[in-house]
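[1] need coordinates for the below:
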Amino acid sequence: MKHLVLILGLSLGFSAWSWAQDTVTNINSKTGQIEVSKKPSFGEEDMEEAMTIFRERCTRCHGSKGNGRGKLASNLSPRPTDLTNPYWFQSTNPKKLKKVILGGGGAIGKSILMPANPDLRNKPKVVAALIQYITQLAPRKSN
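    Numbering: from 1, shown residues only. From the prediction side, this is the model:
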């Protein structure tokens, strides 16, 4: 049933991460098979903390809308990622987002100017909520 919901969601352009809070779904790029794994579920308090973290830490560069136009963005090279770009969204996944959130840009071969957030390592539910929040910023490409 979950796979049917995922396929329907993808065909309608919805996020594969938003249809079920307790699972992460990816499509294996080599096999084309749908992969479902558990992730930490999170509550309202975790989402509130995640949104506060985004507002306090991320908006300086990524902007309040996530479009990469924060107050510091014009001084950075390379420019911060536009998290609202549907093509960026298609090129990422929850594992990669977790790695960059915790380890900074250098952890995924991007700009070392994006700082790490090691204080979030012991807050998996907040990280999961932050990933959910970030993925909600990009509009979905309609077919």
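[2] OK, contacts around the nearest residue to residue 98 once chain neighbours are set aside?
    Counting by C-beta to C-beta, 6 or more residues apart in numbering, residue 127 is the residue found nearest to residue 98 once chain neighbours are left out, at 5.9 Å. C-beta: built from backbone N, CA, C; applies to glycine. By C-beta atoms under 8 Å, 6 or more residues apart in numbering, residue 127 lies in contact with 40, 50, 98, 101, 102, 120.
[3] distance of residue 127 relative to residue 135?
    Relative to residue 135, residue 127 is positioned 13 Å away (C-beta to C-beta, to the nearest Å).
[4] correct me, but residue 108 touches residue 98?
    No: if you go by C-beta atoms under 8 Å, residue 108 and residue 98 don't touch, sitting 10.2 Å apart.
[5] of those two, which one has the most company?
    The residue with more neighbours, out of residue 108 and residue 98, is residue 98; 19 against 15, by other C-beta atoms under 10 Å.
[6] alpha carbons only: can I get the strand or helix carrying that one in PDB?
    Using DSSP states H and E, residue 98 falls within helix 94-103. Taking C-alpha atoms only, helix 94-103 is exported to PDB below (Å, rounded to 0.1, in the frame of the first residue of the first chain):
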ATOM      1  CA  PRO A  94      17.300  12.700   3.100                       C
ATOM      2  CA  LYS A  95      20.700  11.000   3.800                       C
ATOM      3  CA  LYS A  96      22.600  13.700   1.900                       C
ATOM      4  CA  LEU A  97      20.600  16.500   3.700                       C
ATOM      5  CA  LYS A  98      21.400  15.000   7.100                       C
ATOM      6  CA  LYS A  99      25.100  14.700   6.200                       C
ATOM      7  CA  VAL A 100      25.300  18.400   5.100                       C
ATOM      8  CA  ILE A 101      23.200  19.600   8.100                       C
ATOM      9  CA  LEU A 102      25.500  17.800  10.600                       C
ATOM     10  CA  GLY A 103      28.800  18.000   8.800                       C
END
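[7] list the helices and strands that helix packs on?
    Identification of packing neighbours for helix 94-103 by 3 or more C-beta pairs under 8 Å, 6 or more residues apart in numbering; DSSP states H and E yields strand 23-27, helix 124-137.
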